[in-house]
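[1] what's the 3D shape of this:
(one chain, ligands or ions: 2)
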Amino acid sequence: MTVAIGTNTAAMAEAFFTNALARRGQLAKRKTWRPASELAVDLGTANTLIFVKGEGVVLNEPSVAAVDQNGNILGIGLEAKRMLGRTPEGIIAVRPMKDGVIADFHIAEKMLRHFLRLVIDRTFLRVKPTVIVCVPSGITEVERRAVRDSAQSAGVKKLYMVAEPMAAAIGVGLPVDTPVGSMVIDIGGGTTNIAVIALSGIVCDASIRTGGDELDQAIVQFMRKTYSLLIGEPTAERIKIGLGSATMLEREGEMDVKGRDLVSGLPKTIRIDSGGVRDAIQEPVSHIINAVRRALEMTPPELASDVLEHGIMLTGGGSLIRGLDQRLMDETGLPVRVDEDPLTSVVRGTGRILDDFARYGSVLTT
Ligand code: ADP
Ligand code: MG
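    Ligands and ions are numbered 1, 2, ... in the order given. Take a look at the predicted model:
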């Protein structure tokens with residue numbers, strides 16, 4: 001899309017949102033009579049998902065905002081992500097949820113409000129909804145307040161919060177309310193969160209600031225060093241999804257990559273293979289594996305024996321790296337499984353809490 005740079009930012013922003021809404025289509029078209037009275041929100045570093053009770057996931061957009069020099073927000077979500085790396089001068093793409101915490105309150109608040117409004121305004125009969133938002137387990141009181149403020153200004157009647165690892169564990173169907181310990185590892189965009197859960201509580205919880213996005217950065221560096229080719233993060237992400245792996249593959253792959261040659265300054269195409277990409281992402285992948293080992297060492301012995309028996313569950317988009325489960329099995333000797341739809345585990349879990357307040361209500365905070 002093209003973005004005009006003018007002085008009248010308010011008018012631009014207005015036009016931008018109208019376009020964005022028109023193009024988003026899927027959400028607007030599904031205008032419905034059924035009021036969205038109970039919502040679950042996964043406010044991730046990479047993606048925000050909203051689940052409506054009785055309907056399922058109705059919104060799934062990148063947690064990105066496009067912002068001009070004066071701090072005005074020009075776009076949020078998909079539109080803003082498309083601008084990443086190709087923004088006109090003076091407009092930057094901001095990820096308000098960087099590193100698993102709220103890095104920019106002002107924008108995070110606007111973003112959450114924007115997404116909630118999209119869902120609420122989609123219905124003819126508007127009601128003030130009850131909302132559960134999943135938040136990082138180490139969230140501070142100041143960050144909680146930012147979540148409360150944005151929910152309130154979006155017209156939320158009652159707000160609850162749940163820690164992400166708990167929501168992920170419920171989403172994948174682990175028996176969180178029993179004394180049996182369950183280990184869940186959520187590899188998101190900015191962070192990897194490892195938690196052991198028992199009796200509806202988080203028994204131990206470790207988090208590192210390495211997630212799927214760091215693999216993208218490693219690929220950018222690799223292309224620069226090995227081929228003198230400059231690529232943007234969206235291209236690096238496509239390479240990761242297309243070729244990335246944590247173990248040798250039965251069928252190794254190849255891919256053509258377009259970028260800018262650092263020497264000539266001109267566009268160039270390079271063919272790369274999955275072995276090279278595996279080496280490129282080796283370092284951040286080992287960070288994740290080492291964090292899992294450390295977490296296992298910290299796990300109380302009784303729960304560790306549960307984990308030995310029942311294994312580890314992987315969730316989050318980062319767990320889709322080919323062979324990561326195998327690699328973790330080799331290095332820990334424990335059974336490892338990836339959720340069937342790891343990008344939605346957290347929001348599905350939050351949705352389950354909505355469906356069964358009696359069983360899961362105790363995991364919520366306000
Ligand atoms: P968050 O909870 O932080 O928003 P997500 O669980 O949505 O994060 O995961 C986003 C991360 O998953 C990104 O780094 C993205 O590149 C990565 N990802 C998504 N799909 C795949 C895939 N098929 N293979 C590897 N990584 C993926
Ligand atoms: Mg997440």
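
[2] Could you measure from the residue in the stretch 51-200 of the chain positioned nearest to ligand 1 over to V346?
    For the stretch 51-200 of the chain and ligand 1, the shortest gap (CB to the nearest ligand atom) falls at G188, measuring 2.6 Å. (Each C-beta comes from the backbone N, C-alpha and C, glycine too.) Distance, G188 to V346, by CB to CB, to the nearest Å: 9 Å.

[3] So which bits of the host helix or strand of V346 are buried?
    Following DSSP states H and E, the helix or strand that holds V346 is helix 345-355. Within helix 345-355, the residues that count as buried by 16 or more other CB atoms under 10 Å are 345-354.

[4] picking up where we left off before, can you pull the pLDDT of the residue of the stretch 51-200 of the chain closest to ligand 1?
    G188 is assigned a predicted lDDT (pLDDT) of 94.

[5] ok now do it, which residues does it touch?
    For G188, the contacting residues are 44-46, 100, 211-212, 316-318, by CB atoms under 8 Å, 6 or more residues apart in numbering.

[6] ok, those vs T140, which is closest?
    Closest to T140 out of these is G100 (12.0 Å), distances taken as CB to CB.

[7] Mind pulling up the pLDDT for the closest one?
    Here the pLDDT value assigned to G100 is 63.

[8] again with the one 3 residues further on
    On the pLDDT scale, A103 is placed at 75.

[9] Enumerate the residues of the stretch 151-300 of the chain near ligand 2.
    For the stretch 151-300 of the chain, the residues in contact with ligand 2 (CB under 5 Å from the ion) are G188.

[10] In the stretch 151-300 of the chain, what residue comes closest to ligand 2?
    Ranking the residues of the stretch 151-300 of the chain by distance to ligand 2 (CB to the ion) places G188 first, at 3.9 Å.

[11] Quick check, pLDDT for G56.
    Checking the pLDDT column for G56, the value is 91.

[12] again with A304
    For A304, the model assigns a pLDDT of 92.

[13] you'd agree it is up against A295?
    No - the pair A304 and A295 fails to qualify as a contact (CB atoms under 8 Å) at a distance of 10.2 Å.

[14] what does the helix or strand that the helix holding V346 is followed by contact?
    Sequence-wise, the next helix or strand beyond helix 345-355 is helix 357-360, with elements assigned using DSSP H and E. With CB under 8 Å, 6+ apart as the test, helix 357-360 has contacts from 170, 176-177, 200, 352-353.

[15] mind running it again at 10 Å?
    Here helix 357-360 makes contact (CB atoms under 10 Å, 6 or more residues apart in numbering) with 38, 130, 132, 160, 162, 166-167, 170, 176-177, 200, 349-350, 352-354, 364.

[16] If any of those residues are buried, put those into a PyMOL selection.
    The PyMOL selection below is limited to those of the contacts of helix 357-360 classed as buried (16+ other CB under 10 Å):
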select buried, resi 38+130+132+160+162+166+167+170+176+177+349+350+352+353+354+364
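
[17] give me the number of residues near S37?
    Other residues within reach of S37 by the criterion other CB atoms under 10 Å amount to 18.

[18] same question, F124
    F124 - counted by other CB under 10 Å - has 10 other residues nearby.

[19] go on, G244?
    The burial metric for G244, expressed as a neighbour count using other CB under 10 Å, is 26.

[20] Kindly report the same for the one 3 residues further on.
    Other residues within reach of T247, judged by other CB under 10 Å, total 16.

[21] ok, the closest residue to I92 other than its chain neighbours to R82 distance?
    Ranked by CB to CB, 6 or more residues apart in numbering and with sequence neighbours excluded, the top spatial neighbour of I92 is V67, at 5.7 Å. For V67, the distance to R82 under the criterion CB to CB works out to 15 Å.

[22] re the thing from before, for ligand 2, tell me which of the buried residues of helix 345-355 show up nearby.
    Among these, proximity to ligand 2 is found for V346 (CB under 5 Å from the ion).

[23] Pull the most distant pair out of the buried residues of helix 345-355.
    The span of the buried residues of helix 345-355, defined through CB to CB, is set by S345 and L354 at 15.3 Å.

[24] gap between the residue of the chain most remote from its centre and L230?
    When distances to the mean C-alpha position of the chain are computed (CA atoms, centre = their mean), the maximum falls on S264, with 36.7 Å. When distances are taken as CB to CB, S264 and L230 turn out to be 11 Å apart.

[25] Just to be sure, I50 is in a strand?
    Yes - under DSSP: H, G, I helix; E, B strand; the rest coil, I50 sits within a strand.

[26] from memory it sits against D42, does it?
    Yes - under the criterion of CB atoms under 10 Å, I50 makes contact with D42 at 7.8 Å.

[27] Pull up the overlap in contacts between the two.
    Between them, I50 and D42 have 57, 60, 133, 347, 350-351 as joint contacts when contacts are counted by CB under 10 Å, 6+ apart.

[28] closest to ligand 2 among those residues?
    Nearest to ligand 2 out of the shared contacts of I50 and D42 is V347 (CB to the ion; 8.6 Å).

[29] Might you report the residue contacts of the closest one?
    If you count contacts by CB under 10 Å, 6+ apart, V347 has them with 40-44, 47-51, 56-57, 59-60, 132, 134, 167-168, 171.

[30] one more time with 6 Å
    When contacts are counted by CB atoms under 6 Å, 6 or more residues apart in numbering, V347 touches 40, 42, 49, 51.

[31] now do S137
    S137 neighbours (CB under 6 Å, 6+ apart): 163, 165, 205.
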